[in-house]
Structure formats: structure tokens, C-alpha cells
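Student: Quick one: sequence plus predicted model below, questions after.
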Amino acid sequence: MKDDQDKTVRIAWWVLAVAVFSLTTAIRIRLLGIPLERDEGEYAYAGQLLLQGIPPYKLAYSMKFPGTYVAYAITMFLFGQTITGIHLGLLLVNSATSAVIFFVGKRLLNSTVGIVAAASYALLSLSPSVLGLAAHATHFVVLPVLGGAFLLLKQQNRLGVGRLFLSGLVMGLGLLMKQPALFFILFGAIYLFLADVRAGLVLQKTILRNLVFAGGAVTPLVITLLALCYAGVFARFWFWTIHYAHEYGTLVSISDARQILIHGVRDAIGPNWPLWILAGVGLLTCFLNRSSGRSAGFLLGLFISSILALSLGFYFRPHYFILLLPAVALFAGVAINNISSVLRRQITAVRFFPFLLLVSCAAVLVFAQRELFFRLSPVEASHTIYAGNPFPETIRVAEYVRDHTDPSDTIAVGGSEPQIYFYSHRHSATGYIYTYPLMEAQRYARQMQSEMIHEIESAAPKYLISVNIDISWLRSPRSENLIFEWAQRYIADNHVAVGFVNIIAPDRVEYYFDDIPQQVPELGEFILIYQRKP
């Protein structure tokens, strides 16, 4: 009789897993066409350049490591250089991450923990509270670092050298996606070292095994550095990923970090609070249960490294919290496991309580986001998630530019909308595809403005798109004004306005191409398209 009860409960968990993954997949497929936001635009444009044989940092400057560019290039090679193709790649990466989380949870404790953790991650990573529908670099970090961590989950004295090297290698791929992945590599090294010590290995052998792991972790980075040297862009890479990245990482003061953290955590949790509370229960009770207690070291190490990774620079942006979601999901699985352990001797109806608890948590967060998940169109979803950003509107702008230029023509965008380059399939006249660094109170700002001016004047772009939207610049009283003073003179002398996009409200956007009115009844934030004079 007890075996029949256990089988019934197990079947119920697998049915729930299928239902959750079917639902989250269906939602992602319905919203595959959501317009790219600016980070996606950067990755898509850089990936597009890679497919054309143009190395990173040559026509697009960024402080990020180039791994996500390669991931986008592979995605677009397989599924096409479209919005749908990019988001289809995200769907596959997200599904693979959920699968890895299942295997991690199963190896740590049991298959129920794996199912709960995987289902929780699928739901949490879908939420707009962490910008989960956008193919951010954090999605591409989580998959390899979890894969590397999974390879470490074995009796350590039986873990072969090849597996150690492979674990480090896979985690090293995560580092190429984004620098904060370094904290996960450190977690892997510390976990391996402590596990070897507990297993009774001599210190010399323990250190050698850690060196093998470290050797695997640095291999992708070494290969990348050699490739960048060969491509002749190493100096540019070093400036942006080291010198400027240091400036960027120190802009937020510690005194401001606390308030930013509070807002960041509140926004990231959002309507998903039931699963976060469940994860909190798992965190607080992981030492109270014998089975989960044995896995507490791994779980806490992953949790701490995730917090350190998302805290780098103290910005706490919504998509940074994707780095924390695997740990949150695994702790949710631990909570369900510990509750199930307490109820395992009860009748079947009582033993279904953990199952019903998770179903209730999932139902609450899906219901809270039902408008976005099931009703809004991709364009409406973009306006809802990214209020005030012109992401849908830049598609029409890029189409106009593409239709009026040759592939050999260059264009320039005044503002931080790199997706225009991707949509238009035209090269940028300047490597400054973001103007945020130019507006920051950092020591390279004026130098960057001067360089952007020089590059645009040298390239003489056929079209110049001026984005007169505050959020695309983030100008502050401390910003240098050189670029604006120059732009007024340069545009007046060399270009004529041929396009005007008047964004009054998300549902009130006026497009004027080739026939711009002298005035409009109501002026909102706007985008101007300038063509170079003959």
C-alpha cells in the first residue's frame, strides 16, 4: 500500500513538471516576437558582425567579454538574424538550464527536489520582474556555470582529472559570457578543495587537483585573448573590459548601494513572492534535515557566489538577479523536500500537501502576470515591461534606413539604441553604439566623446539617427556637453531631416517619413532621422 502511495505522489510531481514546462514554453513561443531591447540589440549587432567575419570591439565597443556575442552568432546562424530567431535560442538555453538544475537537484537530494527546482526556475526566469523574456547575458552565464558545478557533484576521491578539467572548462565558458561568472569559478574551486580535504586527500594532491580545475577554467579565456590579439583588437578589448569597466564598477558609492539593493530586490521578487518565500523556508531549514544537511555546503556556496556575482558594481539591475535564480529554485526544492520528510508517514491525502503547496505558488505568480503572459501582443508587452523605451519604434526607423541605403553605407545613432544597427543590417560609423559611457561622471567621458566625434566625421555616415529620449542618454548635470555642442553644428552643416517619429504615448506614435510637418499638435519624446546632404 505504501509503495502505491509513493508511486502516486511521484506521478503527480512528474505531471506537474510537464504542465509547468509546457506552459512556460507556450508563453515564450507566444512572445517570441517581442522587440529587442538595447542589450539584446548590442549582442545581436556584435553577433551579426561576427557572422560577417568582423571581430568584437572593432565596430562595437563594450565592456563585456565577447562570449555572449559568440552565443548570439551561433543562435542566428541556426535560426536566422531575426527577433524570433534570437528568442528561440533563448528558449533553448532556458530549457537546457532548467534541465541541468533538475539533474543538480536530483544528485544533491532526489528527483522530487530536481523537479521542484527545475519548475521553479522555469517560472521565475520567465518573469518580467527579472526581464526574463530578453536574451540577456545572464541567461548564458547560468547554463555553463551550473553545468560545471554539476560535474563536481560526485564523490570527490573518485572524480577523475579529465572530469575536473572539463568542469573548469565549462565554468570558464560562463566567464566569457560575463565577468561576474568569476565568482562561480571561485565557488567551484573552494567546493572542490574542501571536499577533497574532507575525503582525506593529502594537501599536495588536493592542490594539484585544484590546479587542473583552474587550468580548465582559464583555457577559454586564454584562447579568446589569443584570438583577439590575432584579430588586432586586443588593445581595444583591454581598454573597455579592464580600464573602463573599472571606472564603471566604481561609479556607485557604497552609501547609495543599500537603497539600490532594496529597490532591486523588491522589483526582482515582484509577483513571484510565493516561490521566494518557499526558497527562504528551504534556506532556513536546510540544516534541520539530515538529507538536505549533507548538501548544505554546495547550496550555500552557490547562493553566496550568486549574491556576489549580481552585486558587482552595486547596480542590482533586474536581469542581474537571473544569476541568483538557480540557488533560489534549489532552495525551493529543499523546502518541499523537508516538508515532505515530515509528512512521509502520513496518509496519501496529507502527503500531497507539498505538491499542492507548489501548485498554489505557481498559480499565484502566473495569475498575477496573466495579462502579459496570455493577452498582450509582443509590442504591447514591450511597452509594458520597458515603459518609456522606444524599442518597437526603432524597428520602423531601421526599416526606413535599410530601404534607403546600400549595404556599403554606414549610419550613426545618437543615443543608446544599438538594435537599430542590427535591424538595418548596416555598419555603425562609430564604435560607440552606446552613449551612456559618454554621459557618466568618469574620467574617460570627454575622451570618448571626442573619439566618437572623430569617428563619425571620418566615416561621413549617410544617415544619422538622433534619439531625443532621456532614457537613451541618461544625461546628468555632471555630464560633458561636448558631443551636444558638436552635434548641433555638424548636423546643420551636413544633414537634412527626412524622418520624424513622435512618441506621445505607447499607443500614440506618429511616423513621418520624407514629409516632415513644420509642427505637430502634441510633441512627445522623439526620434529624428537625418540624411547626409549631397
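Tutor: Perfect, thanks for sending it.
Student: Find the least confident helix or strand in this structure, judged by mean pLDDT.
Tutor: When the helices and strands of the chain are scored by mean pLDDT, DSSP states H and E, helix 348-351 comes last with a mean of 67.
Student: Skipping adjacent residues, who's closest to the most centrally placed residue in the chain in space?
Tutor: Nearest to the mean C-alpha position of the chain, by CA atoms, centre = their mean, lies H136 at 2.4 Å. Among residues not flanking H136 along the chain, H319 sits closest, at 4.3 Å (CB to CB, 6 or more residues apart in numbering). In this view, the C-beta of every residue, glycine as well, is placed from N, C-alpha and C.
Student: quick check, L123 in a strand?
Tutor: No: read with DSSP: H, G, I helix; E, B strand; the rest coil, L123 is helix and lies in no strand.
Student: now the strands for the chain?
Tutor: Remark: strands assigned in the chain by DSSP state E are 410-414, 427-428, 463-468, 495-505, 508-513, 525-532.
Student: got a pLDDT number for L372?
Tutor: We have a pLDDT of 97 for L372.
Student: Now for the residue lying closest to it once chain neighbours are set aside: which residues touch it?
Tutor: Leaving aside its sequence neighbours, L372 sits nearest to A381 (CB to CB, 6+ apart; 5.6 Å). By CB atoms under 8 Å, 6 or more residues apart in numbering, the contact set of A381 is 31, 34, 128, 133, 372.
Student: ditto for V397
Tutor: 420, 465, 499, 501, 527, 529.
Student: cool, D256 as well?
Tutor: For D256, counting by CB under 8 Å, 6+ apart, the contacting residues are F314.
Student: I'd guessed S424 sits against D403; true?
Tutor: No: contact criterion CB atoms under 8 Å: S424 and D403 do not qualify, at 9.1 Å.
Student: More neighbours: these two, which one.
Tutor: Applying other CB atoms under 10 Å to S424 and D403 shows that S424 carries more neighbours, namely 26 against 9.
Student: Tally up the residues packed near A199, please.
Tutor: Applying other CB under 10 Å, we find 13 residues neighbouring A199.
Student: Tell me which stretches of the stretch 351-500 of the chain form helices.
Tutor: If DSSP state H, counting those that start in this stretch is used as the criterion, the helices of the stretch 351-500 of the chain fall at 353-368, 370, 378-385, 391-403, 419-424, 436-439, 445-459, 482-494.
Student: Kindly format the C-alpha coordinates of the fourth one as PDB.
Tutor: It refers to helix 391-403. Extracted in PDB, the C-alpha atoms of helix 391-403 (Å, rounded to 0.1, in the frame of the first residue of the first chain):
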ATOM      1  CA  PHE A 391      12.100  49.500 -28.700                       C
ATOM      2  CA  PRO A 392       9.200  48.800 -31.000                       C
ATOM      3  CA  GLU A 393       9.600  52.200 -32.700                       C
ATOM      4  CA  THR A 394      13.200  51.600 -33.600                       C
ATOM      5  CA  ILE A 395      12.100  48.700 -35.900                       C
ATOM      6  CA  ARG A 396      10.300  51.200 -38.200                       C
ATOM      7  CA  VAL A 397      13.300  53.600 -38.100                       C
ATOM      8  CA  ALA A 398      15.700  50.800 -39.000                       C
ATOM      9  CA  GLU A 399      13.500  49.600 -41.900                       C
ATOM     10  CA  TYR A 400      13.400  53.100 -43.400                       C
ATOM     11  CA  VAL A 401      17.200  53.400 -43.200                       C
ATOM     12  CA  ARG A 402      17.700  50.000 -44.700                       C
ATOM     13  CA  ASP A 403      15.400  50.700 -47.500                       C
END
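Student: Could you check how far it is from the centre of its chain?
Tutor: 24 Å (CA atoms, centre = their mean, to the nearest Å).
Student: Give the rounded mean pLDDT of it.
Tutor: The model assigns helix 391-403 a mean pLDDT of 98.
Student: got the buried residues for it?
Tutor: Of the residues in helix 391-403, 391-398, 400-402 count as buried by neighbour count, 16 or more other CB atoms under 10 Å.
Student: wait, which of the residues you listed is closest to V141?
Tutor: Nearest to V141 among those is F391, at 23.0 Å by CB to CB.
Student: Could I get the contacting residues of the closest one?
Tutor: By CB under 8 Å, 6+ apart, the residues touching F391 are 35-38, 382, 419.
Student: Among those residues, pick out the one closest to N110, please.
Tutor: E37 (38.7 Å).
Student: ok, the closest one - contacts?
Tutor: Neighbouring residues of E37 by CB under 8 Å, 6+ apart: 131, 134, 382, 386, 389, 391, 419.
Student: coming back round to it: want to try JSON lines for the contacts of V397, with neighbour count, pLDDT and distance to S167 as columns?
Tutor: Shown next, in JSON lines, are these (neighbours: other CB atoms under 10 Å; pLDDT from 0 to 100; distance: CB to CB, whole Å):
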{"residue": "I420", "neighbour count": "28", "pLDDT": "98", "distance to S167": "40"}
{"residue": "I465", "neighbour count": "25", "pLDDT": "98", "distance to S167": "46"}
{"residue": "G499", "neighbour count": "22", "pLDDT": "97", "distance to S167": "52"}
{"residue": "V501", "neighbour count": "25", "pLDDT": "97", "distance to S167": "50"}
{"residue": "I527", "neighbour count": "27", "pLDDT": "98", "distance to S167": "48"}
{"residue": "I529", "neighbour count": "23", "pLDDT": "98", "distance to S167": "50"}
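Student: how close does L166 sit to N210?
Tutor: Distance from L166 to N210, counting by CB to CB, to the nearest Å: 15 Å.
Student: one step back: is it possible to export the contacts of F391 to TSV including pLDDT and distance to L228?
Tutor: As requested, these are exported to TSV (pLDDT from 0 to 100; distance: CB to CB, whole Å):
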residue	pLDDT	distance to L228
P35	98	31
L36	98	26
E37	98	27
R38	97	24
S382	97	34
Q419	98	25
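Student: could these be laid out in CSV, adding distance to M452?
Tutor: Conversion of those to CSV gives the following (distance: CB to CB, whole Å):
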residue, distance to M452
P35, 25
L36, 23
E37, 22
R38, 17
S382, 28
Q419, 18
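Student: so which of those residues comes closest to V93?
Tutor: Scanning those for proximity to V93, where the rule is CB to CB, the winner is L36, at 15.9 Å.
Student: where does the stretch 1-150 of the chain dip in pLDDT?
Tutor: Applying pLDDT under 70 to the stretch 1-150 of the chain picks out residues 1-6.
Student: ok, L221 - contacts?
Tutor: Each residue near L221 by CB under 8 Å, 6+ apart is listed here: 172, 175-176.
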